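Visitor: Give me coordinates for this.
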Amino acid sequence: MSETNWIINFDKIEDSTRRNYFSVLPQENRLMDFFSDAFVINKPKGSVGGDGFWLHSHGDDVYLALFTCIGEGHLASMMIRIYMNALKKMVEGYSIDFPGSILQFLHREVQARFKDKNNILLNTNANVGIVKLNIVTKEMEFAGANMDLVQVTKEGITIVEGEKHQVGESTDKRYSYNSNSLKNSKDSNFYLCSSGVFNLIGGPEFKKLSIKQLGDFLYENREASFQDQKTISQQHLATWTGANRQNDDIMVIGFKA
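Guide: Residues are numbered from 1 along each chain as shown. Here you go, the predicted model:
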């Protein structure tokens, strides 16, 4: 095979992998079926990413999860499909409806699947945040595995903390994930962010972006439409990084109940 043909075939493989990665994720406009306003920023570091999100409805309840699979490239992208299949198995075969219980199920499911793992390059861990919203009563719950939820209101920002351990960690410890009831209001904006957002290095002091700094930025722009927030948030992250390379996958989901 000539070098030119090899490059053409490699490009086709990369394009196919990229299409497959984005095709497994819900379309952004699907969020509008359940939330009054929303946006998704998904910017992988390479051709495929390790960040994904999942959307499911049952009766009056809707579930939204964002997960960051640890690692890079094709292996991390493969883990996204495994996590999404585990979530599908959960909703089709089990009556699990609390966000904390969903995280517990994911943890056990991934551990069981990879209990005899011998591929040292495959990292099965993930940071996960999951929100449950009742679209009638507007009641909300959140649970996080090494992921927090940012709530912005006219009074300020609130960081709803998740547990400090991931899902899928290979350990004999028994982990639990608590569900937090949220005080929802008409002026509340909510944001889930992958860990890559807070790995971005830049700013005036050449440091990582903190969740507090991002929250302050979102607070300043809380009255903008979510599509405008998407644009200015992308610009803000690019400005923060500056001339530095993007060093991780980035995903941000903003929504208003």
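Visitor: where in the stretch 151-257 of the chain is pLDDT low?
Guide: The model of the stretch 151-257 of the chain has pLDDT under 70 over residues 170-173.
Visitor: in it, which spans are helices?
Guide: 211-220, 226-241 (DSSP state H, counting those that start in this stretch).
Visitor: which residues touch the longest one?
Guide: When contacts are taken as CB atoms under 8 Å, 6 or more residues apart in numbering, the neighbours of helix 226-241 outside the stretch itself are 37-41, 43, 189, 197, 200-203, 209, 217-218, 221, 224, 250, 252, 254-256. (Glycine included, C-beta is placed from N, CA and C.)
Visitor: so it versus helix 211-220, what angle?
Guide: If you take axes from the mean of the first three to the mean of the last three CA atoms, to 10 degrees, helix 226-241 sits at 140 degrees to helix 211-220.
Visitor: What is the distance between helix 226-241 and the centre of its chain?
Guide: 17 Å (CA atoms, centre = their mean, to the nearest Å).
Visitor: Alpha carbons of it, in CSV - could you do that?
Guide: C-alpha atoms of helix 226-241 as CSV (Å, rounded to 0.1, in the frame of the first residue of the first chain):
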residue,chain,number,x,y,z
PHE,A,226,-28.9,29.4,27.0
GLN,A,227,-27.8,29.5,23.3
ASP,A,228,-26.0,32.8,24.0
GLN,A,229,-24.6,31.2,27.2
LYS,A,230,-23.2,28.4,25.1
THR,A,231,-21.5,30.8,22.7
ILE,A,232,-20.0,33.0,25.4
SER,A,233,-19.0,30.0,27.5
GLN,A,234,-17.1,28.5,24.6
GLN,A,235,-15.4,31.9,24.1
HIS,A,236,-14.6,32.1,27.8
LEU,A,237,-13.0,28.7,27.9
ALA,A,238,-11.0,29.5,24.7
THR,A,239,-9.8,32.8,26.2
TRP,A,240,-8.8,31.1,29.5
THR,A,241,-6.7,28.6,27.6
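Visitor: buried stuff in that helix?
Guide: Buried residues in helix 226-241, counted by 16 or more other CB atoms under 10 Å: 226, 229, 230, 233, 236, 237, 240, 241.
Visitor: Could I get the contacting residues of residue 244?
Guide: For residue 244, counting by CB under 8 Å, 6+ apart, the contacting residues are 201, 202.
Visitor: ok, back up a step: any chance of the helices of the stretch 151-257 of the chain in CSV, plus distance to residue 48?
Guide: Formatted as CSV, the helices of the stretch 151-257 of the chain follow (distance: least, CB to CB, whole Å):
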stretch, distance to residue 48
helix 211-220, 25
helix 226-241, 19
